[in-house]
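Undergrad: could you work out the structure for the sequence below:
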Amino acid sequence: MRAEIVTVGNEILSGDTVDTNSAFIGRKLTELGVQVEWITSVGDREDDIRRAFETALGRVDLVIVTGGLGPTHDDATKKVFARLFEKKLVLNEQILRKVRAKFQKRGMAMPQVNVGQAMVPEAVELLENRFGTAPGFHLEQHKRHIFLLPGVPREMRQMLEEGVVPVVSKLARREEICRLTLRTTGISESALFERLKGLKEMATVAFLPGYSGVDIRITVRGSRAGERLETTAEQIRQLAGDFVYGVEKESLEEVVGRQLKRLGLKLAVAESCTGGLIAHRLTNIPGSSDYFERGVVTYSNESKVQLLGVPEETIRRYGAVSARTAEAMASGVRKLADTDIGLSTTGIAGPTGATPTKPVGLVFIGLSTAEKTVSRKFQFGEDRLVNKERMSQAALEMLWRKLKGREAK
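TA: I've put the predicted structure just below:
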């Protein structure tokens, strides 16, 4: 079964409202074995809504529409639907009583305009709205199904679960669908794509880039889906190499936390440009007190010297943003906290602070153990908040790789 989702509203096109409805509907339909082919957003003009309806009904078996069912002049979805299918709008007394009762419950008189919500197309199935006043509608015509749902997410979700899913689950051809998400870090989408060129086509593979890395979404349909999924995932792991760190919603801080716990190691962090974000991420994980000893934010040069023991000469000669300073910070916090590992960041998050030789987005990450202290240089972009996210991810990746090496011994 093939489907199209149509969202109605000028507020979606203008960006004032984020369309979360399509994502929710898409996930739910996919779970039911329905192939979502298109997602269309259209404004409040009746001609545009009509064209969107006609286009969708001409190419799929199932159309789900959200928005435009309210009582105001710009809520045109119901009117267009009625004209397109030559259905009269008739007053439904039961719905009118329900709408009036909702206003009375709030101690308000029902505005006359809300009578319009009780005007429904004749000869359609009504879908109850338990949280709002606008009912939904379902019509089957020429073996095609169209559902009209409210745009308010809470109302839409209730109606989808209770009114749409039971119908669609009977219509959709059930097939085995298996999915897995592999999480990567430290590699770009394009580089990952190049590595996976040799992948045998046994599944649908999607790349989902984010600030923390690129997720690889694997979907397999049909016979032996589970077996084919495992084969594809193993192929991807082999081709992607050591950039894959986890699955599904696993975060890098979760993976690092488990490593530290298995190895019985303690960690301390000294942060400058990331402002405590690494410590925040690590301590978001339940049980992190087993391995995280402390985090220190040393934003000024003075704090680096006073708290971490960074030599003034190092800062004077190499600068606060330098490999030497990052190493001194990592070593200093490790000794201060008496831990097995010290991790540090020092960089220029932006948008100010750059010099001709040190641009915005430059960061040095230090990692110190009793055996050795090292640092790495990274160059990111110009957005301050994005830089902080990427810098914290790079630091955790550096730690993850170090711990992988220890586990392999």
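
Undergrad: need the strands for the stretch 51-200 of the chain, in chain order.
TA: Using DSSP state E, counting those that start in this stretch, the strands of the stretch 51-200 of the chain run over 62-66, 89-91, 119-121, 125-127, 136-141, 144-149, 177-184.

Undergrad: list the buried ones in the second one?
TA: Judged by neighbour count (16 or more other CB atoms under 10 Å), strand 89-91 contains these buried residues: Leu89. Every residue, glycine included, has its C-beta placed from N, CA and C.

Undergrad: sorry, back to before: could I get the strands of the stretch 51-200 of the chain in JSON lines, plus columns for distance to Met1 and mean pLDDT?
TA: Listed next are those as JSON lines, based on distance: least, CB to CB, whole Å; pLDDT from 0 to 100:
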{"stretch": "strand 62-66", "distance to Met1": "6", "mean pLDDT": "98"}
{"stretch": "strand 89-91", "distance to Met1": "29", "mean pLDDT": "93"}
{"stretch": "strand 119-121", "distance to Met1": "24", "mean pLDDT": "93"}
{"stretch": "strand 125-127", "distance to Met1": "18", "mean pLDDT": "96"}
{"stretch": "strand 136-141", "distance to Met1": "13", "mean pLDDT": "96"}
{"stretch": "strand 144-149", "distance to Met1": "9", "mean pLDDT": "97"}
{"stretch": "strand 177-184", "distance to Met1": "13", "mean pLDDT": "94"}
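
Undergrad: just name the most buried of those.
TA: strand 62-66 (a mean of 27; mean count of other CB atoms under 10 Å).

Undergrad: need the contact partners of the helix or strand of the chain with the lowest mean pLDDT.
TA: Lowest by mean pLDDT, DSSP states H and E among the helices and strands of the chain is helix 93-105, with a mean of 90. In this structure, residues lying in contact with helix 93-105 by CB atoms under 8 Å, 6 or more residues apart in numbering are Ala109, Met110, Pro111, Asn114, Val115, Gln117, Ala118, Val120, Leu126, Thr133, Pro135.

Undergrad: isn't Asn154 right up against Asn129?
TA: Wrong residue type there; residue 154 is Arg, not Asn. No: contact between Arg154 and Asn129 fails when scored by CB atoms under 8 Å: they sit 10.0 Å apart.

Undergrad: circling back to that earlier point, out of the strands of the stretch 51-200 of the chain, nearest to Ala349?
TA: The minimum distance between Ala349 and the strands of the stretch 51-200 of the chain falls on strand 177-184, with 23.8 Å, by CB to CB.

Undergrad: which strands or helices does that closest one pack on?
TA: Helices and strands touching strand 177-184, by 3 or more CB pairs under 8 Å, 6 or more residues apart in numbering; DSSP states H and E, are strand 213-221, helix 225-240, strand 244-247.

Undergrad: now the longest one: average pLDDT?
TA: In other words, helix 225-240. In this model, helix 225-240 carries a mean pLDDT of 96.

Undergrad: how about the shortest one?
TA: Over the span of strand 244-247, the pLDDT mean works out to 98.

Undergrad: give the pairing partners of that strand; include direction for each.
TA: Sheet pairing here is set by DSSP bridges, and for strand 244-247 it gives strand 177-184 (antiparallel).

Undergrad: between the strand it pairs with and strand 213-221, how big is the angle?
TA: Orientation check (axes from the mean of the first three to the mean of the last three CA atoms, to 10 degrees): strand 177-184 against strand 213-221 gives 160 degrees.

Undergrad: determine which of the strands of the stretch 51-200 of the chain approaches Trp400 most closely.
TA: strand 177-184 (11.5 Å).

Undergrad: which other residues reach the closest one?
TA: With contacts defined as CB under 8 Å, 6+ apart, strand 177-184 is touched by 30-31, 33, 192, 208, 213-221, 225-226, 228-229, 233, 236-237, 240, 243-250, 252.

Undergrad: perfect, that will be all.
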